[in-house]
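1. Here you go, sequence then predicted model.
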Amino acid sequence: MGDYSNMASYYDVIMTSGYYDYAKIVDNLVLQDSVEKVLEIGCGTGLILEELARRKSSVQISGIDLTEPMLAIAKERLKSFKNVALSQQNVCHLSLPSAHDLAFSYGGVWYFVIDGDKEPFLVSHIPDHGANLQGIKKMAQHIAPHGTLLLGIQGPHHNYETVISNGMKYSQKIDPTDIGFTKHYYLSDGAQTLMAQTVKYRTYNFEEAKNMLSAHGFAYIPESRDNKLFLRFSRAP
Ligand SMILES: C[S@@+](CC[C@H](N)C(=O)[O-])C[C@H]1O[C@@H](n2cnc3c(N)ncnc32)[C@H](O)[C@@H]1O
């Protein structure tokens, strides 16, 4: 279930070679002044949280992630920020002391893919349907009434390879499955394969996703901003 151990030590160099734009992601969180507590679900190595913590020293920031080696890098990266608390947790058993005004996941446990004018669909790192429902329930328990959930938007996945900033070759291959798709990630240096990781994803169409979220009090809030990086949901009072 979404284990990134094999990729952990190469994750930062792959992602910061143009895969994600972390400053733009944090711009898109658009934090109101009233927000005091923020949670990232699937914070990985902490690249988003570092950018956020730099900008918002008065906000209490929590990050959780399933994969210990990813979180170990996040802990080292964020150790000087007193307002950041990280813990190794599977969202399906999420347990934190308080509720948050805002929770988000970008490329983390859940995200949306939007392909041109087509309807968004939800991608989950959790292949089991029951575990998805359990994860959404636990997440909802950690978002305050009237709180906000932001789930990241990505473009469609496709097979490709590219040379990253350290000269190594990153490649990914997508295989459709009956519940979604499997994504194979590789990193190679010349003829040597340094990293291979496979993640099984489950997908839900937009109607299914909205229903799963609304069962736990989240209403979809359409926004017409151009180039937005998140879909917004609001938790019922
Ligand atoms: C592609 S990474 C994204 C990391 C980070 N948000 C970023 O933008 O760099 C996905 C992360 O989700 C985490 N993850 C997957 N399934 C999870 C689960 N059930 N509970 C918590 N974290 C999970 C993985 O361990 C991984 O670190």
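-> Here it is on my side, so go on. Residues are numbered from 1 along each chain as shown.

2. So which residues of the protein form helices?
-> Assigned by DSSP state H, the chain shows helices spanning 8-14, 22-27, 47-55, 68-78, 129-141, 206-214.

3. of all the ones you listed, which lies closest to D117?
-> helix 206-214 (12.9 Å; C-beta to C-beta). For glycine as for every other residue, the C-beta is placed from the backbone atoms N, C-alpha and C.

4. Those residues of the chain touching the ligand, which are they?
-> By C-beta under 6 Å from any ligand atom, the residues of the chain that approach the ligand are 1-2, 4, 15, 20, 42-44, 47-48, 64-67, 70, 90-92, 106-109, 125-126.

5. out of the helices of the chain, nearest to G152?
-> helix 22-27 (7.4 Å).

6. Residues contacting the closest one, please?
-> Residues outside helix 22-27 that contact it (C-beta atoms under 8 Å, 6 or more residues apart in numbering): M15, T16, L47, I48, E50, E51, L52, R55, Y106, G152, L229.

7. A ChimeraX selection for these, restricted to the buried ones, would help me check which they are.
-> Per 16 or more other C-beta atoms under 10 Å, the buried members of the contacts of helix 22-27 correspond to this ChimeraX selection:
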select :15,47,48,50,51,52,106,152,229
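
8. pLDDT for the contacts of helix 22-27 - can I get that in CSV?
-> Shown next, in CSV, are the contacts of helix 22-27 (pLDDT from 0 to 100):
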residue, pLDDT
M15, 91
T16, 90
L47, 97
I48, 97
E50, 97
E51, 97
L52, 97
R55, 96
Y106, 97
G152, 98
L229, 96
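
9. Mind telling me the two of the contacts of helix 22-27 farthest from one another?
-> So, those by C-beta to C-beta: farthest apart are M15 and R55, at 19.0 Å.

10. quick one: the residue located most distally from the centre of the chain and H100, what's the gap?
-> For the chain, the C-alpha farthest from the mean C-alpha position belongs to A191; by C-alpha atoms, centre = their mean, that distance is 31.5 Å. Using C-beta to C-beta, to the nearest Å, A191 is found at 47 Å from H100.

11. With K200 instead?
-> Distance from K200 to H100, counting by C-beta to C-beta: 28 Å.

12. higher neighbour count, those two?
-> H100 (25 against 18; other C-beta atoms under 10 Å).

13. Test my guess that the more buried one contacts P145.
-> No. If you go by C-beta atoms under 8 Å, H100 and P145 don't touch, sitting 11.5 Å apart.

14. max-length strand in the protein?
-> strand 192-205 (DSSP state E).

15. contacting residues around it?
-> 2-4, 6-7, 9-10, 113, 119, 121-129, 132, 168, 177, 179-188, 212.

16. Next, the angle from that strand to helix 206-214.
-> 80 degrees (axes from the mean of the first three to the mean of the last three C-alpha atoms, to 10 degrees).

17. For L213, which residues are in contact?
-> Contacts for L213 (C-beta under 8 Å, 6+ apart) come out as I136, L149, Y220, F233.

18. Relative to K173, how far out is the first one?
-> Meaning I136. 29 Å.
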